[in-house]
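K.L.:
structural data only, the sequence is not supplied:
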């Protein structure tokens, strides 16, 4: 149980275009999902907290107009990187917290974004 | 907000030896402390976690200790094997807050 999927696993896009990444909880309901970004040889840095049916909460320094987050249902959150630039190239990982589990976060497999 | 410090950043041990990774946290309200193992290009994998009402937890070759007074927790891996080589992250959170991660430790187990 507690499986989180992400799609796509890898994406290459041209500078200036937008990319959407989906995060789904497959066998549980998640009122809260989190989006992290991980640059090579670095730690996971929280970008935003996504709550179902409400606006996402962004961490300091993360542009909310550039990284659009939508959490329309208890099993789906999306991250859209708008007007992507090469410096946005990174490994994006979502995680979800089960309604029934107050502590553990379940991680998706990640999306490798490369902006050329 | 919470800040998690992790040491060392790299660790090399001989196969069969023990490895210890230490973390400190700043927010005394934090009460959940998981450890993750991450292989290159993969998602973090939970290997063990501990809550603040427990001082120590063990699962086969892996153990975690927590000192709430000092606000630090440690990961202990005994009888290390080459397949233990990976990057390990500690993290901390409180109730519904998101996990805050340490910077990671690259463990190399030399056969």
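P.N.:
Yep, it's here. Just so it is clear, the structure is predicted and the values come from calculations on it, not from any experiment. Numbering: from 1, shown residues only, chains lettered A, B, ... in the order given.

K.L.:
show me where chain B has strands.
P.N.:
With DSSP state E, the ranges of strands along chain B come out as B:4-7, B:10-14, B:19-25, B:32-38, B:45-51, B:56-59, B:62-67, B:72-77, B:86-92, B:100-101, B:105-110.

K.L.:
how far away is residue B:8 from chain A?
P.N.:
14 Å (Cβ to the nearest Cβ, to the nearest Å). To be clear about C-beta, it is placed using only N, CA and C from the backbone, and glycine gets the same treatment.

K.L.:
identify the spatial nearest neighbour of that residue, chain neighbours not counted.
P.N.:
Spatially, and ignoring its direct neighbours in sequence, residue B:8 is nearest to residue B:105 (6.1 Å; Cβ to Cβ, 6 or more residues apart in numbering or on different chains).

K.L.:
what does the model give that neighbour for pLDDT?
P.N.:
For residue B:105, the model assigns a pLDDT of 98.

K.L.:
what bridges to it?
P.N.:
Assessed by DSSP bridges, residue B:105 has beta-bridge partners residue B:88.

K.L.:
swap in residue B:35?
P.N.:
Judged by DSSP bridges, the bridge partners of residue B:35 are residue B:48, residue B:90.

K.L.:
count the neighbours of it for me.
P.N.:
Applying other Cβ atoms under 10 Å in any protein chain shown, we find 24 residues neighbouring residue B:35.

K.L.:
same check, this time on residue A:97
P.N.:
Neighbour number of residue A:97 under other Cβ under 10 Å is 24.

K.L.:
residue A:9 now?
P.N.:
For residue A:9, the count of nearby residues is 13 (other Cβ under 10 Å).

K.L.:
so what's the spatially most distant residue from the centre of chain A up against?
P.N.:
Seen from the C-alpha centroid of chain A, the residue lying at the greatest distance (Cα atoms, centre = their mean) is residue A:100, 21.3 Å away. Contacts for residue A:100 (Cβ atoms under 8 Å, 6 or more residues apart in numbering or on different chains) come out as residue A:28.

K.L.:
give me the distance between it and residue B:31.
P.N.:
Computed as Cβ to Cβ, to the nearest Å, the residue A:100 to residue B:31 distance reads 18 Å.

K.L.:
ok, now residue A:55?
P.N.:
27 Å.

K.L.:
more neighbours, those two?
P.N.:
Neighbour count, other Cβ under 10 Å: between residue A:55 and residue B:31, residue B:31 has more, with 18 against 12.

K.L.:
next, count neighbours for the closest residue in space to that one that isn't next to it in sequence.
P.N.:
Nearest non-adjacent residue to residue B:31, counting by Cβ to Cβ, 6+ apart: residue B:52, 3.8 Å away. As a burial measure, residue B:52 scores 16 neighbours (other Cβ under 10 Å).

K.L.:
surely residue A:42 touches residue B:103?
P.N.:
Yes. Counting by Cβ atoms under 8 Å, residue A:42 does reach residue B:103; the two are 7.4 Å apart.

K.L.:
between these two, which one's more packed in?
P.N.:
Neighbours were tallied for residue A:42 and for residue B:103 using other Cβ under 10 Å; the higher tally belongs to residue B:103 (17 against 13).

K.L.:
no further queries at this time; thank you.
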